[in-house]
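Peer 1: I would like to see how this sequence folds:
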Amino acid sequence: MENSQSIVFVQFFSLIALSCAIAWTLLATLLHIAPRASWCFAAANTFTVIGILLYTQRTEAINYLYWFVADMTILLGFALVHWGCQYLFKQALSYRFDLILLTTAALLMLLVPPSVIYAVYLVIVMSMTAAIFISLSGIDNFRAVKKHLPLYYAALLNVPFFTIGLLFIIRAIVLLFSPQQLAHISAADKLNSPLVLWSYIILLLLTNLVLFGNALARLVFKVARLANKDQLTGLWNRHALLDKLKQVDALWLRNDLAYSLMVLDLDHFKRINDTYGHLAGDKVLKHTAETLQNTLRKIDFICRYGGEEFLIILPLTDKKEAQIVAEKIQQKIKESVIVWQKKHISTTLSIGYATCKTHLSIEQLLQLADDAMYLAKSRGRNTICSLDSIEQANEIISTTRQ
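Peer 2: Residues are numbered from 1 along each chain as shown. As a prediction, the model looks like this:
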């Protein structure tokens, strides 16, 4: 370091990076927010500080610690950012590719002595490797975020990643064709350029801001998802039902794509609880939920409606097809046997369903399906019934009461 201004810049950079590392550590340990990803980001910031501090000790002499180790430490920080992003969004980890990339960069750097004479070559190798890591992180983030946000906002959120990756590429290209620009656009020899130091600080801040935003967004989506999920079975709960039903109903009204609602009730569930205990009852509910998920399509919306009742929204399903689905579910449940403490528990379902009609509101359709289920129970359980109109439901109910 040749002047006090550079020393202040490096101290400021180190302070920011270490503060970010501490913040990520707190997220991992105290708040338990994406702990694996947070540890990766904390380590990435720490390695970045170490690499920058090693840069400050470079001289014209050949030194592997201040050149080769410093560059590899920085690159390992970028690799940790990539892995942290994959942990954050539960994507497939790319350890093998990333380690091969790091090894390739290391071997290319070791082809020449680490000194000022070969600084241009070393900076080009380092810049291209860093560009690949940061661009891959941006791509992974974009793929994950676009599932929850419009395409425009997903792209905008990841602009810093792609900008940083582009800057690294530009730096490598400029040095390739104009090696004399080394002192202006690189910190390979000395950290005395304010432009270089400010670029590192901005790079650090932007990267951490995007990552913090992604971590918080991931937390918000997770909380929202948990709020709409039944804790025991993992199925959707009644809170999420109405929103989904409105979407399917709007699709039917706009495109004439029929759908059906199905209400299912486990027969004699109270007897199971009384005979085997509530833990056995919980296992029966979870087993039923798993069977429904394995039997139905991915587009079908399965909800725990309350207690031992389940509700299913069947998009693109008319009355005839709903009957076939109900028979299939009933058969699967009947064939499955639950083992509880070496005892076999058999279950059956009473199923009621109704198909959308122009004169029926969402609430009326729900009521029809529910009434059809109670009709199935009144007819001896393990039965399938359907109702087409409120009048038919009222007539049957009044007859049953008499």
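Peer 1: ok, Leu311 to Ser127 distance?
Peer 2: Leu311 sits 57 Å away from Ser127, going by Cβ to Cβ, to the nearest Å. Glycine gets a C-beta too; all of them are placed from N, C-alpha and C.
Peer 1: got a list of what Thr348 touches?
Peer 2: 266-267, 330, 333-334, 381-382 (Cβ atoms under 8 Å, 6 or more residues apart in numbering).
Peer 1: quick check: closest non-adjacent residue to it.
Peer 2: Asn382 (3.9 Å; Cβ to Cβ, 6 or more residues apart in numbering).
Peer 1: got phi/psi on that neighbour?
Peer 2: In terms of degrees, to the nearest 10, the main-chain angles of Asn382 are phi 50, psi 40.
Peer 1: wait, it touches Lys334, no?
Peer 2: Yes: with contact defined as Cβ atoms under 8 Å, Asn382 reaches Lys334; the gap is 7.5 Å.
Peer 1: which one's more surrounded, the two?
Peer 2: Between Asn382 and Lys334, counting by other Cβ atoms under 10 Å, Asn382 is the more crowded of the two (17 against 13).
Peer 1: contact partners for that one?
Peer 2: For Asn382, the contacting residues are 267, 330, 334, 348-350, by Cβ under 8 Å, 6+ apart.
Peer 1: quick check: the farthest pair among those?
Peer 2: Using Cβ to Cβ, the pair of these lying farthest apart is Lys334 and Ser350, separated by 12.0 Å.
Peer 1: show me what counts as buried in the helix or strand containing Leu253.
Peer 2: Using DSSP states H and E, Leu253 sits within helix 238-255. Neighbour counts over helix 238-255 (16 or more other Cβ atoms under 10 Å) mark 240-241, 245, 248-249, 252 as buried.
Peer 1: make TSV from those residues and add pLDDT and distance to Val325 to it.
Peer 2: Shown next, in TSV, are the buried residues of helix 238-255 (pLDDT from 0 to 100; distance: Cβ to Cβ, whole Å):
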residue	pLDDT	distance to Val325
Ala240	85	21
Leu241	85	18
Leu245	90	17
Val248	91	15
Asp249	90	19
Trp252	88	17
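Peer 1: hey, where'd the helices end up in the stretch 201-350 of the chain?
Peer 2: With DSSP state H, counting those that start in this stretch applied, the stretch 201-350 of the chain shows helices at 238-255, 269-276, 278-295, 319-335, listed in chain order.
Peer 1: which of the ones you listed has the lowest mean pLDDT?
Peer 2: Mean pLDDT is lowest for helix 238-255 among those, at a mean of 87.
Peer 1: what packs against that one?
Peer 2: strand 259-266, strand 301-306, strand 309-315, helix 362-378 (3 or more Cβ pairs under 8 Å, 6 or more residues apart in numbering; DSSP states H and E).
Peer 1: one more pass at 10 Å, please.
Peer 2: helix 194-227, strand 259-266, strand 301-306, strand 309-315, helix 362-378 (3 or more Cβ pairs under 10 Å, 6 or more residues apart in numbering; DSSP states H and E).
Peer 1: any idea which of those is most buried?
Peer 2: Looking across the helices and strands packed on helix 238-255 with neighbours counted as mean count of other Cβ atoms under 10 Å, the highest average goes to strand 259-266: a mean of 24.
Peer 1: name every strand pairing with that strand and say which way it goes.
Peer 2: Using DSSP bridges, strand 259-266 pairs in its sheet with strand 309-315 (antiparallel), strand 349-355 (antiparallel).
Peer 1: out of those, nearest to Arg271?
Peer 2: Comparing the strands paired with strand 259-266 by Cβ to Cβ, strand 349-355 comes nearest, at 14.1 Å.
Peer 1: hmm, back to that, ok, the residue nearest to Thr348 to Ile351 distance?
Peer 2: 9 Å.
Peer 1: what sits in contact with each of the two?
Peer 2: By Cβ atoms under 10 Å, 6 or more residues apart in numbering, Asn382 and Ile351 have these common neighbours: 330, 333, 376.
Peer 1: what's the domain layout of the chain?
Peer 2: As assigned by automatic domain parsing, the chain contains the domains 4-227, 238-401.
Peer 1: about what we covered before: wait, which of the contacts of Thr348 is closest to Arg171?
Peer 2: Ile333 (63.3 Å).
Peer 1: and the gap between that closest one and Asp371?
Peer 2: Counting by Cβ to Cβ, the gap from Ile333 to Asp371 is 21 Å.
Peer 1: Met109 now?
Peer 2: When Met109 is compared with Asp371 (using Cβ to Cβ), they lie 74 Å apart.
Peer 1: as TSV, the buried residues of helix 238-255 with distance to Leu93 would be great.
Peer 2: Converted to TSV, the buried residues of helix 238-255 look like this (distance: Cβ to Cβ, whole Å):
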residue	distance to Leu93
Ala240	31
Leu241	35
Leu245	38
Val248	36
Asp249	41
Trp252	42
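Peer 1: overlap in contacts of Asn382 and Lys334?
Peer 2: 347-349.
Peer 1: redo those residues as CSV? Include distance to Tyr259.
Peer 2: As requested, those are exported to CSV (distance: Cβ to Cβ, whole Å):
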residue, distance to Tyr259
Thr347, 27
Thr348, 26
Leu349, 20
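Peer 1: would TSV of those residues with pLDDT and distance to Ile132 be doable?
Peer 2: Formatted as TSV, the shared contacts of Asn382 and Lys334 follow (pLDDT from 0 to 100; distance: Cβ to Cβ, whole Å):
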residue	pLDDT	distance to Ile132
Thr347	91	54
Thr348	92	58
Leu349	93	54
